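Asker: Using only what follows, build the 3D model:
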Amino acid sequence: MHLQVDSVSKRFGHGSSSKLVLDRISFDLHSGEFVALVGSSGSGKSTLMRLIAGLDQPSAGSIRIDGQPVRRPGPDRGMVFQKYSLYPWLTAAQNVAFGMALQGRPRAEIRERTAFFLEVVGLADAARRLPRELSGGMQQRVAIARALAADPRVLLLDEPFGALDIQIRETMQEFLHRLWSQTGLAALLITHDLEEALLLADRVHILAPSPGRIVRTVTVDHDRGAMGQLRVSPAFLALREELACCLRSLEPATGR
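Answerer: From the prediction side, this is the model:
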């Protein structure tokens, strides 16, 4: 799988009142890679994710998967949002099965894949529970299982743990890294959390705001075998602080 974002710009509105939100964004993502885009509010992160998901179209440039232009949502892209986006009247298993049913898969295959991916995310015992009966972290695991069950080629993660408290978020980060390591999927994360990006991604793109544009790219090569130790290692802390200074320098000056 090869996702190619080539000189993508996005402008909202028309004429003199239009606003440039993204300015010539370019990057690549291949199978087995984990890439993160980090930026503050106004850097166009969510707009870019909508374009890659096929929910909107660029004003200029192109987005392609294996050479084919992205013009609409498709099963080759699995999406996980910050809000869990589960159907509250469906059980965990029914939520996981929903996308596969839309694809027209045979019922036996849907049952098998639903059970398998609930097992993968550690929720086999919660199959018949409604979302309101699950914790935030459990609901997000259901959302990830639903995305994976549709057999995507790339997993799109739109600040997936932003609504969770810090302890659950750290647990979910470790879970996501293990899951990505096991599946070999391509994963694209957008986040404002620099530490999260450095913990999970092989490559981190720093976005400047107004308009959103990539100003720096860092290749990350840490041993993620023990994330708890990695978070406090001198090399990790030094890189985080270096990039945090970069992000702070991109913020517009404010008067006092």
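
Asker: buried sites along stretch 157-174?
Answerer: Residues Leu157, Asp158, Glu159, Pro160, Phe161, Leu164, Ile168, Arg169, Glu170, Met172, Gln173, Glu174 are the ones in stretch 157-174 that count as buried (16 or more other C-beta atoms under 10 Å). The way it works is simple: take the backbone N, C-alpha and C, and place the C-beta from them, glycine included.

Asker: scratch that, stretch 57-75 is what I was asking about
Answerer: Buried residues in stretch 57-75, counted by 16+ other C-beta under 10 Å: Pro58, Gly61, Ile63, Ile65, Val70.

Asker: downstream neighbour of the host helix or strand of the third one in the secondary structure list?
Answerer: The secondary structure element spanning Ile63 is strand 60-65 (assigned by DSSP states H and E). Moving toward the C-terminus from strand 60-65, the first helix or strand encountered (DSSP H and E) is strand 68-69.

Asker: Keep only those of the buried residues of stretch 157-174 that are in strands.
Answerer: Per DSSP state E, strands hold the following members of the buried residues of stretch 157-174: Leu157, Asp158.

Asker: Could I get the full set of strands for the protein?
Answerer: Under DSSP E, the chain gives strands at 2-12, 19-30, 34-38, 60-65, 68-69, 77-80, 154-158, 186-191, 203-208, 213-219.

Asker: for the record, mean pLDDT for the first one?
Answerer: Read that as strand 2-12. Mean pLDDT, strand 2-12: 97.

Asker: That strand packs against which elements?
Answerer: Applying 3 or more C-beta pairs under 8 Å, 6 or more residues apart in numbering; DSSP states H and E, we find strand 2-12 packed against strand 19-30, helix 45-53, strand 60-65.

Asker: Nearest to Thr191 among these would be which one?
Answerer: Smallest distance to Thr191 across the helices and strands packed on strand 2-12 (C-beta to C-beta): 7.7 Å, for helix 45-53.
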